[in-house]
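Novice: what's the 3D shape of this:
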Amino acid sequence: MADRHVQDVIVIGAGIVGICSALALQSRGRSVLILDRPQMSQRASEMNAGAFAFSDIEPLATPGIMRKAPKWLLDPLGPLSIPPSYAIKIAPWMLRFWRASWPDRHQLALNAQASLMQVSQSALKALVADVDGEELLQREGQLQLFEGEREYRASLPVWQRRREHGVRFELLETPDAIAAYQPGLDPRFSHAGFTPDWINTCDPARWLDRLRTTFLERGGEICAGDVKTLIPDEACVSIRLEGKDHSAQQVIVCAGAWSHHIARTIGDRIPLETERGYNTTLPQGAFDLKTHLSFSGHGFVVTKINGGVRVGGAVELGGLDLEPNYKRSEILLKKAQSFLPELKAEGGRQWMGFRPSLPDSLPVIDRSPNDRRVLYAFGHGHLGLTQSAGTAELVAALASDTSIPIDMSAFSARRF
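Specialist: Below you'll find the model as predicted:
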């Protein structure tokens, strides 16, 4: 081992957080190698809804949410579900989720989420300029839709918290006001909130490819390899793969839903679970979509992708090994047809992917408690694309021991 080549930095994971982190490290003069799992299918970074959802500061674990838990188990196709076969395995995670929903923890998580969103919004602006990526963005805002006065009134405290954190929005209280932003909605949606600063990419796969291409053009390298173990020693951190091993002065773990398995090899036990997300992508001409639509009461969105329409979302907490349940995609598409009567639902392509989720809805962005040369950046849930550029800036600052603009305690690897 004495003659082994030691890399400067190795990033594990070439998803959106990994690629952004690699670019941020490059911008600070670091030499970066990315190791990425061989992909059997398109990853969440390529097939998500394409939203930079900077207004979504509310954690999933909200006060009172656990009163709904029995319904999740009884409705396997609901907006937030747990397959019965997975219920016992996920019980410890759910206990942490319940604790995170208490008012004191919820407020801390909301403040931390808002801080990360502000950093991420600024970082995205810089990243778009850096990679000449404006052509890949859609600045069309978002409509969050409500069925009736009762659902709308229940949302008002959330809008107030957004106002307190500087989120711009307009509340709409008639179907006609909603139609000015998006014609063709079923009139059951009588109220809405419009967030004008919401941004979408026209295709998350193309956005990721632009970042990856920029990274490679600037001298970066990406190698395929399924990381099995981290082995720190006095000189460096070794990374054991199925084939060739690698070594580095610093290692950044951005492996999404697989990250906790890697962290465990150096003694860090982080309670990461998997939000299994489903969607159907319809071809061009499916619907004249003017803005991103969020049907919050049903847990899904309708978004424009390459001129077509992607219908997806919901949360299935089911781990990495269960077979996909594409009935979830089908029920979301049927709901979308009901909500958008002119939607053409033929010719769609179904997909399921893994979104790494921690009980308090916040990612881990921190050094390993067991070896400060290993850094973690994972657990963003359904906000990976949104928070990727901001996370990358924080990772680069941690890696270089430079100042950080926000309080990082809420993202600590030790908080569990």
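
Novice: Give me the buried positions along the one helix or strand T281 maps to.
Specialist: With secondary structure defined by DSSP states H and E, T281 is part of strand 273-282. Neighbour counts using 16 or more other Cβ atoms under 10 Å place 273-282 of strand 273-282 among the buried residues. All C-beta spots, glycine's among them, are computed from the backbone N, C-alpha and C.

Novice: C-terminal to that strand, which secondary structure element comes first?
Specialist: Heading C-terminal from strand 273-282, the first helix or strand you meet, by DSSP H and E, is strand 292-295.

Novice: partner strands of that following strand, parallel or antiparallel?
Specialist: Within its sheet, and counting by DSSP bridges, strand 292-295 is paired with strand 142-147 (parallel), strand 300-305 (antiparallel).

Novice: Out of these, the one nearest G133 is which?
Specialist: Smallest distance to G133 across the strands paired with strand 292-295 (Cβ to Cβ): 16.2 Å, for strand 300-305.

Novice: how distant is the closest one from the center of its chain?
Specialist: Its chain's average C-alpha position is 15 Å from that of strand 300-305, according to Cα atoms, centre = their mean, to the nearest Å.

Novice: What of stretch 175-187?
Specialist: Here stretch 175-187 shows a centroid-to-chain-centroid distance of 29 Å under the convention Cα atoms, centre = their mean.

Novice: And for stretch 185-205?
Specialist: The gap between where stretch 185-205 is centred and where its chain is centred comes out at 18 Å by Cα atoms, centre = their mean.

Novice: same question, stretch 16-30
Specialist: 18 Å.

Novice: so where do the strands sit in the stretch 151-300 of the chain?
Specialist: Across the stretch 151-300 of the chain, reading from the start of the chain, the strands by DSSP state E, counting those that start in this stretch fall at 170-172, 189-195, 199-201, 221-224, 229-232, 237-240, 246-253, 273-282, 292-295, 300-305.

Novice: Quick check: which of the ones you listed is buried the most?
Specialist: Comparing the strands of the stretch 151-300 of the chain by mean neighbour count (mean count of other Cβ atoms under 10 Å), strand 300-305 comes out on top with a mean of 27.

Novice: next structured bit after it?
Specialist: Of the helices and strands lying after strand 300-305 in sequence (DSSP H and E), the nearest is strand 308-317.

Novice: And the helix or strand that comes right after that next one, what does it pack against?
Specialist: Towards the C-terminus, the helix or strand next in line after strand 308-317, according to DSSP H and E, is helix 327-339. Secondary structure elements in contact with helix 327-339, counted by 3 or more Cβ pairs under 8 Å, 6 or more residues apart in numbering; DSSP states H and E, are strand 273-282, strand 300-305, strand 308-317, strand 349-357.

Novice: picking that back up, relative orientation of the strand holding T281 and strand 349-357 in degrees?
Specialist: Following axes from the mean of the first three to the mean of the last three Cα atoms, to 10 degrees, one obtains 160 degrees for the angle between strand 273-282 and strand 349-357.

Novice: Against which helices or strands is strand 273-282 packed?
Specialist: helix 44-47, strand 308-317, helix 327-339, strand 349-357.

Novice: Please state the offset of that strand from the chain centre?
Specialist: 11 Å.

Novice: coming back round to it: kindly reformat the strands paired with strand 292-295 as TSV containing mean pLDDT and distance to A255.
Specialist: Supplementary listing: these in TSV, determined by pLDDT from 0 to 100; distance: least, Cβ to Cβ, whole Å:
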stretch	mean pLDDT	distance to A255
strand 142-147	97	29
strand 300-305	96	25
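
Novice: what's the closest of these to G13?
Specialist: Distances from G13 to each of these were compared by Cβ to Cβ, and the smallest falls on strand 300-305, at 23.2 Å.

Novice: What lies in contact with that closest one?
Specialist: Applying Cβ atoms under 8 Å, 6 or more residues apart in numbering, the contact partners of strand 300-305 are 49-51, 79, 138, 140, 200, 202-203, 281, 287, 289, 292-295, 309-314, 332, 335-336, 339-340.

Novice: Show me which of these are buried.
Specialist: With burial judged by 16+ other Cβ under 10 Å, the buried subset of the contacts of strand 300-305 is 49-51, 79, 138, 140, 200, 203, 281, 287, 289, 292-295, 309-314, 332, 335-336, 339-340.

Novice: between the helices and strands packed on helix 327-339, which gets the lowest average pLDDT?
Specialist: Per-stretch mean pLDDT for these is lowest at strand 308-317 (a mean of 90).
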